[in-house]
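> Only the shape, not the letters, is given here:
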């Protein structure tokens, strides 16, 4: 799990841009309140990292959380946005 998380967190595109930065933490609630109105299961890489440290009950639970990060991003953002595209790449 740690290896997968590290690969995702450190993935760079062909221009050398780190794609994971926007997924590291949950969106700010005051800046993006609509996100929390639309997204039922907010998830971010830092939460996954904490759960790895605490001990996931199964690989499936880890996989589920990782997929939530990118599913939330593609659901909430427009398909032509950079966040959407980065989520598709990282997924």
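That came through, no problem. What you see is a predicted model; the values in this text were computed from it and never measured.

> All the helices of the chain, in order from the start?
Per DSSP state H, the chain has helices spanning 2-9, 33-38, 45-54, 59-76, 82-90. These are given in chain order.

> Please list all residues in contact with the spatially most central residue of the chain.
Nearest to the mean C-alpha position of the chain, counting by CA atoms, centre = their mean, stands residue 69 at 3.3 Å. Under the criterion of CB atoms under 8 Å, 6 or more residues apart in numbering, the contact list for residue 69 reads 23, 43, 44, 45, 48, 87. In short, each C-beta sits where N, CA and C put it, glycine included.

> ok, of those residues, which one's closest to residue 29?
Proximity of these to residue 29 was ranked by CB to CB; the top entry is residue 44 with 12.7 Å.

> Surely the closest one touches residue 25?
Yes - here residue 44 lies in contact with residue 25, judged by CB atoms under 8 Å, at a distance of 5.1 Å.

> ok, the two, which is more surrounded?
Using other CB atoms under 10 Å, the more surrounded residue of residue 44 and residue 25 is residue 44, with 18 against 11.

> contacting residues for that one?
Applying CB under 8 Å, 6+ apart, one finds that residue 44 lies in contact with 23, 24, 25, 26, 69.
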